[in-house]
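Asker: Predicted model follows, preceded by the sequence.
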Amino acid sequence: MRWTARQFEYTFPRPAMVMGIVNVTPDSFSDGGRFLEPGRAVEHALALVAEGAELIDVGGESTRPGAEPVGEHEELDRVLPVIQQLVLQTNVPISIDTLKPGVARAAIEAGASLVNDVGASRQDDWMWRVVAASGAGYVCMHMQGDPRTMQAKPVYRDVVEETAGFFEERLAALGRSGVRAEQVLLDVGIGFGKTAEHNLQLLGALRRFTKLSRPTLLGVSRKSFIGSLLGVALPERLPASLACACWAVQQGVNILRVHDVAATVQAVRMTEAVFERMRH
């Protein structure tokens, strides 16, 4: 299974990839404000690469539950200096985490290779035409509602099958907009319009999504459902995040989007080593 993101190309199965998170925001749920200054964000991203991140995801607008949107110019002011420096200082793919097609286009022009789109449920195709024209990779993420409303009593008949159906419909729509299937990654959107129970159901059914003939990306790192399930504060969620990462790799997930790169890489490589030994 091939995945392309502009000049980058990967063939799966291969060892799981770890994507490091760089939030250039004042209000992200986990590290808001820590890397708002571009120099600090670049330094942090390079440290994550040194720890083993094979992709870096740069975001300038928080998508935590209840987050208020920011203007396009402000978002660009946050992310472009970071992307411009990173493409000069590292050769890993840089992802732009954005809802806005204009931001995605400018980020790609600055050197980004991947668009991480939590708004893949959109009705217009401007974002997809940007992706198609550039050849960038595209993360198609499932979300019910939008960041401001998504946790206001989300309801599903069957969260697993509805999410799978969403991906099948989106892949068709992306194709009509000129996006090749080989550009697309699928993300079930843990915590985006889901209760803790919905998240557990999706995690338990990851094999359903790894059978859709596209690589899968999963973001569970430090998320609030861990706190609600286990009663642990945000700084104490690493063990549960690692447990989810190891489970995901066992289920065939290809890319893990995380804050704690070094710990995740170590945990995932150990998991893969055990499974490799079991096959022999």
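Answerer: That came through, no problem. Small disclaimer: the values here were computed from a predicted structure and weren't measured.
Asker: Could you report the separation of residue 193 from residue 222?
Answerer: Going from residue 193 to residue 222 by C-beta to C-beta, to the nearest Å gives 18 Å. Every C-beta, even on glycine, is put in place using the N, C-alpha and C of the backbone.
Asker: so what's residue 251 closest to, chain neighbours aside?
Answerer: residue 206 (3.8 Å; C-beta to C-beta, 6 or more residues apart in numbering).
Asker: Tally up the residues packed near that neighbour, please.
Answerer: 20 (other C-beta atoms under 10 Å).
Asker: Please apply the same query to residue 171.
Answerer: 18.
Asker: Same question for residue 205.
Answerer: Around residue 205 there are 18 residues (other C-beta under 10 Å).
Asker: Surely it and residue 162 touch.
Answerer: No - Residue 205 is beyond contact range of residue 162, at 11.6 Å (criterion: C-beta atoms under 8 Å).
Asker: Pretty sure residue 161 sits in a strand.
Answerer: No - assignment of residue 161 by DSSP: H, G, I helix; E, B strand; the rest coil gives helix, placing it outside any strand.
Asker: State the distance from it to residue 187.
Answerer: 17 Å.
Asker: how about the helix or strand where residue 277 lies: buried residues?
Answerer: Residue 277 belongs to helix 261-278 when assigned by DSSP states H and E. Buried positions in helix 261-278, judged by neighbour count with 16 or more other C-beta atoms under 10 Å: 261-265, 267-268, 271.
Asker: Please identify which of residue 161 and residue 187 sits among more neighbours.
Answerer: residue 187 (25 against 12).
Asker: residues touching that one, list them.
Answerer: Taking C-beta atoms under 8 Å, 6 or more residues apart in numbering as the criterion, residue 187 is in contact with 139-142, 216-219, 257.
Asker: can you list these in CSV and add secondary structure?
Answerer: Shown next, in CSV, are the contacts of residue 187 (three-state DSSP):
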residue, secondary structure
139, strand
140, strand
141, strand
142, coil
216, strand
217, strand
218, strand
219, strand
257, strand
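Asker: And those residues, which is closest to residue 96?
Answerer: Proximity of these to residue 96 was ranked by C-beta to C-beta; the top entry is residue 139 with 10.2 Å.
Asker: Check that closest one and give its pLDDT.
Answerer: Residue 139 is assigned 98 on the pLDDT scale.
Asker: Same question for residue 203.
Answerer: For residue 203, the predicted pLDDT is 98.
Asker: Likewise for residue 70?
Answerer: 88.
Asker: That one sits in which helix or strand?
Answerer: Going by DSSP H and E, residue 70 is not in any helix or strand.
Asker: who are the neighbours in contact with it?
Answerer: Applying C-beta under 8 Å, 6+ apart, the residues near residue 70 are 60-61.
Asker: Give me the phi and psi for it.
Answerer: Phi and psi for residue 70, reported as degrees, to the nearest 10, are phi -110, psi 160.
Asker: Ignoring the adjacent residues along the chain, who's closest to residue 207?
Answerer: residue 251 is the one closest to residue 207 (C-beta to C-beta, 6+ apart), at 5.3 Å.
Asker: With residue 176 instead?
Answerer: residue 125 is the one closest to residue 176 (C-beta to C-beta, 6+ apart), at 7.8 Å.
Asker: tell me the phi and psi of that neighbour?
Answerer: phi -110, psi 20.
Asker: Equivalent analysis for residue 115, please.
Answerer: Dihedral angles (degrees, to the nearest 10) for residue 115: phi -110, psi 120.
Asker: so how far is the lengthiest strand in the chain from its chain's centroid?
Answerer: Ranked by residue count under DSSP state E, the longest strand found in the chain is strand 17-23. Centroid displacement of strand 17-23 relative to its chain, using C-alpha atoms, centre = their mean, to the nearest Å, is 8 Å.
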